[in-house]
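# predicted coordinates and the sequence they were generated for:
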Amino acid sequence: MPALSLASLAPGITLTQHRALRYIMRPQGGSVVGIAGGKRCGKSVLACATAVGLATLNDTPQNQIVLAMDTYSRLRDVHLPILSQLARSEGMEWKAGDHEFRCSGGAVIRLRHLEVSGSPLAGNPLEGQSLTAIVGDELQEAHKDYGTIFRERLSEALPSTIIGRDGMPRQVLRAPTLLMIGLPQREWWMSLARDQGGLVLRPQTRENAQNLRPGYEAELRASMTERYARSMLDGESWTPEGQVLYGFSAATYPDGNVLRGFALDFRRMRTMLAGDLGARSPAFLLMVEVLPRVWCVVREWAPDNTALPELCDMMAADVCPRRDWTPGDPRLPVDELVVDPAGAAMNDQTGHPDLEFLARPQPSGLGLWPLVEPQGPRRGVVAGLTRMNVCLEKRMLLMSGRVYDAGLAAPNGARTLVRSIQGYEWDPRNPGRPHKPHHDRVTHHIDAWRYGWRRVAWDAFEAPADEGSVRVSLVDTPASTWEAARDAR
């Protein structure tokens, strides 16, 4: 693949990139641009090209530019490779210690990530800086208070030298630039751009088709619900509200997600035990592959005010590792156990990691190697819930009629999977995020289901390679303690 440069972008430039760059590079500056576009529509390339273009346009020490992303990992993995090629093609030097690119004349592009705890008004990576341009990407993940911070951090107009139509250089005052980019969710930056009288654009994925491999958009659309695809690919504004798992239907399979009248054969069916350890409010679900790539929850455990050792004693009467199971055993066989990543932390009450108790032989533990699903930008909560809705709509995630009926008939206050589905909603105060009440007992079932689903069905439907890698299923490792199991690997 040839190296990127500002000149090399011209043949494949999209209409949105052309309109935005032409608007931003006006001699007088003062551009405010808001973009809410679909996946892979060229937003990141536009962000990097804008930063490099503005740096070379006025190569003076007063020209201070920030390219900001929501997280450090995405800044490193998405923007830095693109920006490195563009910046070096223009003779810029990378200063790794300062996380910045510097032009020969002193203009600087600083890389910053906006991930902070709480409101950034109390402290943020842009604090104390006076900037001539701010380019922010993935702003659907950033706090809306960054809108105030962006305006505060932009400097006054600076002298800039341009070449007039007569070919002669002349001095002009160039106002600061603000380019704000994100997926079409939450969209607080779009309102800011409109209020400032700026340019507002909504590019679609198909606009960038010439720079994508054939069939990419169709594959990506197949991995999404219709409503989500209209947002993520077609650029339609979407503020998630109401029930998070809207793909669930209480109708009987195959019209809905409740499986009735189906005989389970544990001699040949794979099983997965998934759990969220909670804070003395755990939730565990037993999932069975009833049909190829179709997984059904057939049992649930969610006792309140229960420590992990007590829970293991309780569950040992109902389940056992596959290696210890024989036909006719009243217990249910388990092939794999997957749990909350937080289980690796030390338990203050027991003085041991929770995973250690799970790995101990029955009856003091479950006798299973506890797998911990990786957290990451591509496997975060919202991304996982989105794909869960796809699987629910395609009837690849089910619950048995017994679990559904018992969950509805349980006493008031009892935690069940079906009640968690009904009560799990988007946060009206923080659009695009699931509601997390102070006592989040309702979320443990959903989290457990999500961990198990990610383990067995993340790659169960067609999706582009960059949306998630295929993971090989592990056979549980016999181990008496967490340390022995770890060493055995």
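Thanks, I have it. Numbers count the residues shown, from 1 in each chain.

# low-confidence stretches in this structure?
Within the chain, the segments meeting pLDDT under 70 span 1-6, 116-118, 161-165, 239-242, 343-351, 373-380, 428-433, 436-441, 458-489.

# which parts of it belong to which domain?
Using automatic domain parsing, the domain ranges for the chain come out as 7-214, 258-488.

# which of those domains sits closest to residue 225?
domain 258-488 (5.2 Å; Cβ to Cβ). Quick note: C-beta positions are derived from backbone N, CA and C, even for glycine.

# next one: that closest one to chain centre, how far?
Domain 258-488 sits 20 Å away from the centroid of its parent chain (Cα atoms, centre = their mean, to the nearest Å).

# swap in stretch 184-191?
Relative to its chain's centre, stretch 184-191 lies at 17 Å (Cα atoms, centre = their mean).

# so which bits of that stretch are buried?
By neighbour count on 16 or more other Cβ atoms under 10 Å, the buried set for stretch 184-191 is 184-190.

# contacts for that stretch?
Contacts to stretch 184-191, defined as Cβ atoms under 8 Å, 6 or more residues apart in numbering, come from residues 34, 36-38, 136, 139-140, 144, 147, 180-182, 200, 202, 231-232, 235-240, 431-432.

# ok so, going back, would you turn the domains of the chain into CSV with distance to residue 245?
Output for the domains of the chain, formatted as CSV (distance: least, Cβ to Cβ, whole Å):
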stretch, distance to residue 245
domain 7-214, 17
domain 258-488, 5
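
# quick one, strands of the stretch 151-300 of the chain?
Remark: strands assigned in the stretch 151-300 of the chain by DSSP state E, counting those that start in this stretch are 158-163, 169-174, 177-182, 199-201, 258-259, 271-276, 283-291, 294-301.

# switch those strands over to CSV; also include distance to residue 312 and mean neighbour count.
Output for the strands of the stretch 151-300 of the chain, formatted as CSV (distance: least, Cβ to Cβ, whole Å; neighbours: other Cβ atoms under 10 Å):
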stretch, distance to residue 312, mean neighbour count
strand 158-163, 66, 15
strand 169-174, 66, 13
strand 177-182, 44, 26
strand 199-201, 55, 19
strand 258-259, 28, 23
strand 271-276, 11, 26
strand 283-291, 10, 23
strand 294-301, 11, 22
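
# so for residue 94, which of those strands sits nearest?
Comparing these by Cβ to Cβ, strand 177-182 comes nearest, at 21.6 Å.

# which of the buried residues of stretch 184-191 fall in helices?
With helices defined by DSSP state H, the entries of the buried residues of stretch 184-191 inside them are 188-190.

# returning to what we had before: buried members of the contacts of stretch 184-191 into ChimeraX, please.
In ChimeraX, this line selects whichever of the contacts of stretch 184-191 come out buried by 16+ other Cβ under 10 Å:
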select :34,36,37,38,136,139,140,144,147,180,181,182,200,202,231,232,235,238,240,431,432
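
# inside helices: which ones of the contacts of stretch 184-191?
147, 231-232.

# just curious, which of these is nearest to residue 112?
residue 147 (15.9 Å).

# identify the residues contacting that closest one.
Residues near residue 147 by Cβ under 8 Å, 6+ apart: 188-189, 192.

# same question for residue 29.
Applying Cβ under 8 Å, 6+ apart, the residues contacting residue 29 are 157, 160, 174-177.

# check the spacing between it and residue 172 real quick.
Relative to residue 172, residue 29 is positioned 9 Å away (Cβ to Cβ, to the nearest Å).

# if we can go back for a sec, going by distance to residue 166, which of the contacts of residue 29 wins?
residue 160 (17.4 Å).

# let me see the contact set for the closest residue to residue 389 other than its chain neighbours.
Spatial nearest neighbour of residue 389, chain neighbours left out: residue 247 (3.7 Å); criterion: Cβ to Cβ, 6 or more residues apart in numbering. Neighbouring residues of residue 247 by Cβ under 8 Å, 6+ apart: 225, 388-393.

# among the strands of the stretch 151-300 of the chain, which is nearest residue 220?
Evaluated over the strands of the stretch 151-300 of the chain, closeness to residue 220 peaks at strand 177-182, with 17.7 Å, by Cβ to Cβ.

# direction included, what does the closest one pair up with?
Taking DSSP bridges as the criterion, strand 177-182 forms sheet pairs with strand 32-36 (parallel), strand 133-136 (parallel).

# how about the ones you listed, which one is nearest residue 444?
So among these, strand 32-36 is nearest, using Cβ to Cβ, at 33.4 Å.

# was I right to think residue 238 contacts residue 231?
Yes. Assessed by Cβ atoms under 8 Å, residue 238 is found in contact with residue 231 at 3.8 Å.
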